[in-house]
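# sequence first, then the predicted structure, then my questions.
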Amino acid sequence: MDLLLFVLGLLFVLVGLAGAFLPVLPGPPLSWVGLLLLHLTDAVPMDTPFLVITALGAAAVFAADLVLPAWGTKKWGGSPAGIKGSIAGILLALFIPVLGVFGFLILPFLGALVGEYFFNPKKENPWKAAMGSLAGFVAGTLLKGALSAIYLYYFVSIVWQYRTDLFGF
């Protein structure tokens, strides 16, 4: 049973790492499930504080990734119309998984651009606000990638520490 949990845990951590760069998969939460599966083995003792802290980290990064494009739009001078457009683009990308990473890259950008261009009476610089949305997306992706890589590191180090109990060598 330990071998099955190890293999499933490794699979979840690796898919989570891929999910950090493929927006249709929730990267850090999947990586966390891999850590949980490893701790459910008889060979690795349950470390509740570690699992709670890493779960909170995964949840925080998952939430931040959804908010960062809108935050980037606002930070780069977008109006409420551009922020709403960026949020609409994120939501639209969630429901059109066929677009994959391009949907999460392009739709919030286009949403911020359209929101600024058509619904902002001042129309100062719609491109700047749209670039803020793009910067927020890139920041979220880097954050997810970093956390998923850290979880992979923890997974490997825990496996290495308990390798004799897990594999007998």
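Cool, got the structure.
# quick one: the helices in the chain?
Assigned helices in the chain, in chain order: 2-19, 27-39, 48-75, 80-95, 100-119, 126-161, 163-167 (criterion: DSSP state H).
# which stretch among these is buried most, on average?
helix 27-39 (a mean of 24; mean count of other C-beta atoms under 10 Å). Where C-beta positions appear, they are placed from N, C-alpha and C, glycine not excepted.
# now for that helix, which elements pack on it?
Applying 3 or more C-beta pairs under 8 Å, 6 or more residues apart in numbering; DSSP states H and E, one finds that helix 27-39 makes contact with helix 2-19, helix 48-75, helix 126-161.
# okay, those helices in a markdown table with mean pLDDT next?
A markdown table is the format used below for these (pLDDT from 0 to 100):
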| stretch | mean pLDDT |
| --- | --- |
| helix 2-19 | 95 |
| helix 48-75 | 92 |
| helix 126-161 | 92 |
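# and of those helices, who's closest to residue 28?
helix 48-75 (3.9 Å; C-beta to C-beta).
# if you count contacts, what does that closest one end up packed against?
Using 3+ C-beta pairs under 8 Å, 6+ apart, helix 48-75 is in contact with helix 27-39, helix 80-95, helix 100-119, helix 126-161.
# contacts made by the first one with the rest, please.
Contacts to helix 27-39, defined as C-beta atoms under 8 Å, 6 or more residues apart in numbering, come from residues 5-6, 8-21, 44-47, 50-51, 54-55, 57-59, 61-62, 144-145, 147-148, 151-152, 154-155, 158-159.
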